[in-house]
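# Got a predicted model here, sequence first, then my questions.
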Amino acid sequence: MSIQAEVELLRRVPLFANIDTSRLKLLAFTSERLSFDAGAVLFREGDRGDSAYLILNGKLDVVVNSPKGEVVVAHLGANNIVGEMALLCEMPRTATLVAIEPLDTLKIKKDQFLQMLRDIPQMPLEIMRELAVRLNNVNKELSAAHAKLRAAGLE
Amino acid sequence: MATHQSLYSYIWRHSRRDQLVIVAIALAAQPFYFLTLTLPKLIVNGPIQGKGFDTPDATQNFLHIWLPTLDGGGWTLFDGFALERIPFLFALSFAFLALVGFNGFLKFLINTMKGRLGERLLRRLRYDLVDRVLRFPPSHLRKTKQAEIASMVKDEVEPLGGFSGDAIVWPVFLAGQALTALIFIFTQNFWLGLVTFTVVLGQAIVIPRLRKPILQLGKMRQLQARELAGRVGEIVDGGADIRVHGTSNWERAEIVRRLGKIFDIRFEIYQRKYFVKSLNNFIAQVTPFVFYAGGGYLAITGALDLGQLLAVIVAYKDLPGPIKELIDWDLQRQDVEIKFNQVMDQFHPDGMVTPAMQAPGPRRPLKEQIELKNITAIDDAGFTLLDDVDLSLPLSQAIAVVGAAGSGKEALGLLFARQVALKAGTMTAGEHDLLTLPEAVTGRSFGYAGPDAYFFPVDLRENLLYGLRVSARDGSTTDRRTRETLRAGNPGYDADADWLDYDALGTKDPKAIADRIVDTLTMVGLEADVYNLGLQSRLDPKSNSEAATRIVEARLALHERLSAPDVAHLVERFDPTVYNRNASLAENILFGASTDAMLQPANLPQLAHFKRVVAEEGLEQHLIAMGRSIAETMLELFRDFPADHPFFDEFSFIPASELPLYEQVMKRAKTDGLTYADRAQLSVLPLRYVEARHRLDLITPQIRERILAARRTFAETLPDALKPRISFYEEKAYNTAASLLDNILLGRVSYGVAQAQERVSSLIREVLDQLDVRDLIIEAGLAYNVGAAGKRLTTMQRQKLGLARALIKEPDVLIVNGALANLDDQQKSDVVDRVLAHRKGRATLWVLTKEDLGSRFDRILHFDHGRLVDDRLLQGVREAAQ
C-alpha cells in the first residue's frame, strides 16, 4: 500500500478527520508501516510504551489480566488508535493487544507523536475531544455499574 | 627520589670493551694516516722531481723500514727493494693507493663499531627505562603522564646513541691533535707558544661559560617539549569531554601559550648560540693577529728567525680545528648529560618493585589458607583505608564483602592486586608471604577483576587470554637475534614464541580451548555480544576458505528454512532477476558489496562507470521523473518546518538547507526549463529510495525492468580496475566484501513486518546451531579489535571481559572488586550465580556493590570505616560444618 492509500485510510479516522491532507501525508511518511500475523502480540500489559498504533486493516483483541485470568475487554478494528495513553502519560501498557487476524498498522513513535501534537494545532484539540468522549463513555458505564451493584444490594 | 649513576659511568660500565677497542684501532690507524700525508711529498720530491735519481740507472730502496735511534741515525730493520725511477714512481703511487684504501677501511670499521656500540647502548637504555616503568610503584604510575614517558623513551634518549660512540675516542683523538700542534709551537718559540696557549685556555674557559645558559635553556626546552607531548596526549584522551564542554578553544589557547614559550626559548637559544659562535671565531682570529704583529716585529728586529715564525703560523693553522671541535664535543657532552640526568630522574621513583619480584618462575599453587593479620592500609593522601584487619580466608569459600562505598571493602580487593600501600600487617598463606611473593606466582594464583580493567588494542581473544602469558619463553641462544639481544643487555625473551600457559588452561587442544573460551564468555554474559560482533565482521576467504564454504552452506540452509510460508515474508532475498523492494534503488543497481568508499551506494553518482550505465540504459529521464516526484512530496511535507526540526535528519530526502534550492528547481521543472545542474540534482534523489520503506509507489513495472537491465549492464561492463573492488551478490558464492551476517542473509529483512528483525535473528541462530557454524561466528567475533584501551567496547562489555580474563586463568583465588558495576541487577545476579557454580570449592572473594546478592555466598564480611565489623558464615555452610 502506498502513502497515498494510507492517507485515504487516515482520513477515515475520526481523530484525523479535520486535518490537512499534507499533514496526514506527513504522518504516514514519518511512521512505520507494520503488519502482524494473526496471533501476534503488539505489546503486553506492563511493557514500557514507546509507540501508538493506528489500525489500518484487520482486528485485534484488548486483553487485561484480572484475578480470574486473562479477560478480553474489547475488539478493535480499522481506524482505531491504540496505545496512545502510554505516550501521553508515561505509564506502562494497561492491556495486552493481540491480533486476531492479519493486521495492518501504522506505528507512530512517541517522539513523532509528541512532535505532531506540537506542530499541528488541531491535533491536541482532536485528541482532547476523543479523550473526553471516552471519559464520558467510562462515566456512563461506571454509573451503570454502580446502579447494578446498588440494585444487587452490594453497596 | 633514588639516585642514579652518571652518564659516563653508564657508558663506561656497559661499553668499555668496545670503547677501548675503538681507541686502539684509532691509535693504530694514525701511523698509516701519517704515511698517507707524507707519501705525496715523497712522490713529488723523489721520482717526479728526480731527487736521489741523479743518474739514469740510480735506484732507491722501496719499503725501507728503519727505527730512529737516539743519536739521530736509523737502525735498519728491512733494506727494501732497489727500484729505478719509473718503477719507483709506480711503486710509491700504488702504495699511496693501497694506503688510501686501507685508511678508508679503518675509518669504515671505526664508524661501524661506533654505530653499533651507540645503538646497543641506546637499546639497553630504552629497555632499562621501560623495565623501570614496569616496576613503578602504583602510586607513581597514577601520577605519571604516559605521553611524557613515551616521549622520553622514544625521543629524549635518542642523542645518547650517537654520542656514546664518540664519548671516549673523539676527545682522546682531538686532544692528541691539539696537543701535538701546541707542543710544536712551543718548541719553535716559547713566547709564541705561551701566547697561543693563553688564547686557547681563554677560549676553553670563556666559551663553555657563555654556553652554560644555552644548556640551561636547552633543558627548559626539553621540559617544555615533553610537557607539550603530555598535553597533546591529554587532548586525545579527553577529546570527548572537551567537546561535551565546548572547551576546545581553551585547549587551543593553552597549546598556543605553550608553543609561544617554546618559541621564545628556542629563539633565545639561537641568539646566544650565534653570539658565542662569532665570539669563538673572533678569538681564533686574534691569535694570528698576535703572530703577525708581535711575531712580525720580533722577526724584523731579528729576535726571531723568519723560518720559525712561518713554521709557527703553519702549525697554528692545525690548532683551531681540533680545539673548536673539542669545544663542540664538550657542548654535546653536556647536552646529552643533562638529557640523560633529566630522563633518569623521572625513572627513579622511590618504592620501585625489585627485579626479583618480576623474575620468571614456576607455577606454585597456594595450598594453605590465607591469613591477614593487623592489616592497616593507607591511600596516597594518607587516609586510612583498612584499619587493623584480621582475617582467615580458606581456599574453598565463596566470600562476599559488603559495606558502604569507602568502607574498606574496595581496599580489601585492591590489597590482593597490590594496589594499596600497607602501613602495617602481614598477609601469608602457609609459609608464603603474599606481599613478597614474585608476581609470576601471584599472577597465576590470584585472578583480579576491578571496575576499570585496561585492555590492549589487540583482538578480543588476545585480551581474554592476556593473563595466561606469565611463563617466560626464552629465545634460542644460537639465534643471531637472541645473541644480539643479550649483548645489548636485554633479556632473551622471545615474543614470537607461544607464551600461552597451557598448564593453567589444562589442555593444548585448540577445540577444547575454544570451548573453554565460549564457556567463560557465557559465564560472564559476553557470549551474545561476541556472537553479534562476529556476525558484523568480515572474513578473509583466502585465509579461511573452509569457513567461507560453511557460511554459504548456512545461507542455503537459512533460505531453505525461509521458504516456509509462515516466515517467507520476513526476508527478501537478493535475486539477480528480481528488484529488491527492501533495498535502495542504488543498491539494486550495484547489487554487490564493496569495502571501497567510492563503490558505496551513496557515492555512486560520482562514479563514472555508473553515469555511463545510467546514460546507456536510458535511465536518466526516469530518475529525473522519480526525483521530481520525491522533491514534490518533500516540499509538500517539510516546507513549513523550521530548519532545525528533527524530522529533516530522520525522514527528509532533502536537507533543510537545500529545500529552497529544490523549490527553485521545481519551479523551473514546471516551466520546462531544467538546467543540466537541475537534472543532476533531481536524479540523485531516488538513489536512496527504498520502496518498501518510503512507500511512494515510484517503482513501476517499467522502471523495475530498466533497473534490472542497468544492474546487468553495470556488472557486465565493469572496468577491470573496479573488478577486484566489488563482490556481486551470488547465491552460491561467499561475498568477500560483506559481513558474515549479510553473507548468511544474502537479502534484506523486510520493512513493515512486526518483529521481523528479532524473528530473523532467532532463525539464523537456529540454523547456525544446527549446522554447528556458531563456533565460527564466535571465532570471528573474538578477532574483533577492541581499540585503544578497549574503547571500541561498551563499558559493560569491558567489565565483563575483565572478569572473563581473570576467570579463564582458573586462579586459586578469584577477586572481583566492583567489576560488574555497570550491569543491571538481573545480569549481575545471573553472572554471580554462574561464576559461583563454576568455582564451587575454590576461593572467591567478591566485593559487592549491593548487599542483596550476599545470600548466594558461603560467608559475608561486613566492612565499616576500614574495619571488619561482621564476619558470618551462612546457613548452608554452618550446617555442613556441623
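Okay, I see it. Numbers count the residues shown, from 1 in each chain, chains lettered A, B, ... in the order given.

# By proximity to chain A, which residue of chain B wins?
As assessed by CB to the nearest CB, chain A sits closest to B:Asp697 within chain B, at 3.8 Å. From N, CA and C alone the C-beta is placed, and that goes for glycine too.

# From the chain's centroid, how far away is the longest helix along chain A?
If you go by DSSP state H, chain A has its longest helix at helix A:122-151. Chain-centre distance of helix A:122-151: 15 Å, with CA atoms, centre = their mean, to the nearest Å.

# next one: stretch A:110-127
15 Å.

# Kindly report the residues of chain A close to chain B.
By the rule CB under 8 Å from any CB of the partner chain, the part of chain A lying against chain B is A:1-4, A:6, A:22, A:25-26, A:28-30, A:32-37, A:40, A:42, A:111, A:115, A:119.

# at 6 Å what do you get?
Listed as neighbours of chain B in chain A under the rule CB under 6 Å from any CB of the partner chain: A:Ser2, A:Ile3, A:Ser22, A:Leu26, A:Thr30, A:Arg33, A:Leu34, A:Ser35, A:Phe36, A:Ala40.

# Which ones among these lie within strands?
In this view, these that belong to strands under DSSP state E are A:Arg33, A:Leu34, A:Ser35, A:Phe36.

# For the second one, list each beta-bridge partner.
As for beta bridges, A:Leu34 partners with A:Thr105 under DSSP bridges.

# A:Asn136 - how many residues pack around it?
For A:Asn136, the neighbour count with other CB atoms under 10 Å in any protein chain shown is 10.

# Mark which of the residues of chain A next to chain B are buried, thanks.
The neighbour-count test (16 or more other CB atoms under 10 Å in any protein chain shown) marks A:Ile3, A:Leu26, A:Thr30, A:Arg33, A:Leu34, A:Ser35, A:Phe36, A:Ala40 as buried among those.

# now, the most widely separated pair of the residues of chain A next to chain B?
A:Ser22 and A:Ala40 (32.4 Å; CB to CB).

# so what's the backbone phi/psi at the closest residue to B:Leu505 other than its chain neighbours?
With CB to CB, 6 or more residues apart in numbering or on different chains as the criterion, B:Leu505 has its nearest non-adjacent residue at 6.0 Å, and that residue is B:Ile513. Torsion angles at B:Ile513 (phi, psi; degrees, to the nearest 10) stand at phi -70, psi -40.

# Kindly report the same for the one 3 residues further on.
B:Arg516 adopts backbone torsions of phi -60, psi -40, taken as degrees, to the nearest 10.

# In chain B, which helix is the longest?
helix B:85-134.

# is it true that the residue of chain B closest to chain A touches A:Ala5?
No: at 8.5 Å, B:Asp697 does not count as touching A:Ala5 under the criterion of CB atoms under 6 Å.

# Residues that sit against both of these two, list them.
Among the neighbours of B:Asp697, none is also in contact with A:Ala5 (CB atoms under 6 Å, 6 or more residues apart in numbering or on different chains).

# Spell out which parts of chain B neighbour chain A.
B:Glu636, B:Leu637, B:Phe651, B:Arg695, B:Leu696, B:Asp697, B:Gly752, B:Val753, B:Ala754.

# Mind putting the residues you listed into JSON lines with distance to B:Gln203, secondary structure and neighbour count?
Shown next, in JSON lines, are those (distance: CB to CB, whole Å; DSSP: H, G, I helix; E, B strand; the rest coil; neighbours: other CB atoms under 10 Å in any protein chain shown):
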{"residue": "B:Glu636", "distance to B:Gln203": "89", "secondary structure": "helix", "neighbour count": "14"}
{"residue": "B:Leu637", "distance to B:Gln203": "86", "secondary structure": "helix", "neighbour count": "22"}
{"residue": "B:Phe651", "distance to B:Gln203": "81", "secondary structure": "helix", "neighbour count": "17"}
{"residue": "B:Arg695", "distance to B:Gln203": "91", "secondary structure": "coil", "neighbour count": "19"}
{"residue": "B:Leu696", "distance to B:Gln203": "89", "secondary structure": "coil", "neighbour count": "20"}
{"residue": "B:Asp697", "distance to B:Gln203": "94", "secondary structure": "coil", "neighbour count": "13"}
{"residue": "B:Gly752", "distance to B:Gln203": "91", "secondary structure": "coil", "neighbour count": "19"}
{"residue": "B:Val753", "distance to B:Gln203": "91", "secondary structure": "strand", "neighbour count": "22"}
{"residue": "B:Ala754", "distance to B:Gln203": "92", "secondary structure": "coil", "neighbour count": "20"}
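
# a markdown table for the residues you listed, including pLDDT?
Below are the residues of chain B next to chain A laid out as a markdown table (pLDDT from 0 to 100):
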| residue | pLDDT |
| --- | --- |
| B:Glu636 | 86 |
| B:Leu637 | 84 |
| B:Phe651 | 80 |
| B:Arg695 | 86 |
| B:Leu696 | 87 |
| B:Asp697 | 87 |
| B:Gly752 | 85 |
| B:Val753 | 87 |
| B:Ala754 | 85 |
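
# where does the chain have low pLDDT?
The chain I'm using is chain A. Within chain A, the segments meeting pLDDT under 70 span A:1, A:154-155.

# if you could check chain B rather than the one you did, that'd help
Scanning chain B with the threshold set as pLDDT under 70 gives B:1-3, B:66-74, B:315, B:318, B:875-882.

# Quick check: can you list the domain ranges of it?
Following automatic domain parsing, chain B resolves into domains at B:1-135, B:146-350, B:364-465+B:786-881, B:473-499, B:538-574+B:729-782, B:583-727.

# where along the stretch 651-800 of chain B do the strands fall?
Ranges of strands in the stretch 651-800 of chain B, per DSSP state E, counting those that start in this stretch, are B:727-728, B:747-749.

# Turn these into JSON lines, including mean neighbour count.
Listed next are the strands of the stretch 651-800 of chain B as JSON lines, based on neighbours: other CB atoms under 10 Å in any protein chain shown:
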{"stretch": "strand B:727-728", "mean neighbour count": "19"}
{"stretch": "strand B:747-749", "mean neighbour count": "20"}
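
# Can you check which of those gets nearest to B:Phe574?
strand B:747-749 (5.2 Å).

# Give the other helices and strands that that closest one contacts.
Applying 3 or more CB pairs under 6 Å, 6 or more residues apart in numbering or on different chains; DSSP states H and E, we find strand B:747-749 packed against strand B:571-573, helix B:756-771.

# which stretch among those comes nearest B:Phe163?
Closest to B:Phe163 of those is helix B:756-771 (CB to CB; 61.7 Å).

# contact partners of that closest one?
In contact with helix B:756-771 (CB under 6 Å, 6+ apart) are residues B:Ala554, B:Ala557, B:Leu558, B:Arg561, B:Leu570, B:Val571, B:Ile744, B:Val749, B:Ser750, B:Arg774.

# That one vs strand A:32-36, what angle?
Helix B:756-771 and strand A:32-36 are oriented at 50 degrees to each other (axes from the mean of the first three to the mean of the last three CA atoms, to 10 degrees).

# and helix B:756-771, which residues are buried?
Buried, per 16+ other CB under 10 Å, within helix B:756-771: B:Ala756, B:Arg759, B:Val760, B:Leu763, B:Ile764, B:Val767, B:Leu768, B:Leu771.

# gap between the second one and B:Ala806?
B:Arg759 is 37 Å from B:Ala806, where distance means CB to CB, to the nearest Å.

# Check the first one too.
Using CB to CB, B:Ala756 is found at 39 Å from B:Ala806.

# swap in the last one?
Here the distance between B:Leu771 and B:Ala806 works out to 33 Å (CB to CB).

# and B:Arg668, what is it in contact with?
With contact set as CB under 6 Å, 6+ apart, B:Arg668 has these partners: B:Leu674, B:Asp678.

# For B:Met344, the count of nearby residues, please.
22.

# er, A:Val71 I mean
Neighbours of A:Val71 (other CB under 10 Å): 12.

# Ok, B:Tyr10 next?
20.

# And what about it, helix, strand or coil?
Under DSSP: H, G, I helix; E, B strand; the rest coil, B:Tyr10 falls in the helix class.

# Now do it against B:His609, distance only.
64 Å.

# now do B:Gln5
Per CB to CB, B:Gln5 is found 68 Å from B:His609.

# Done for today, thanks.
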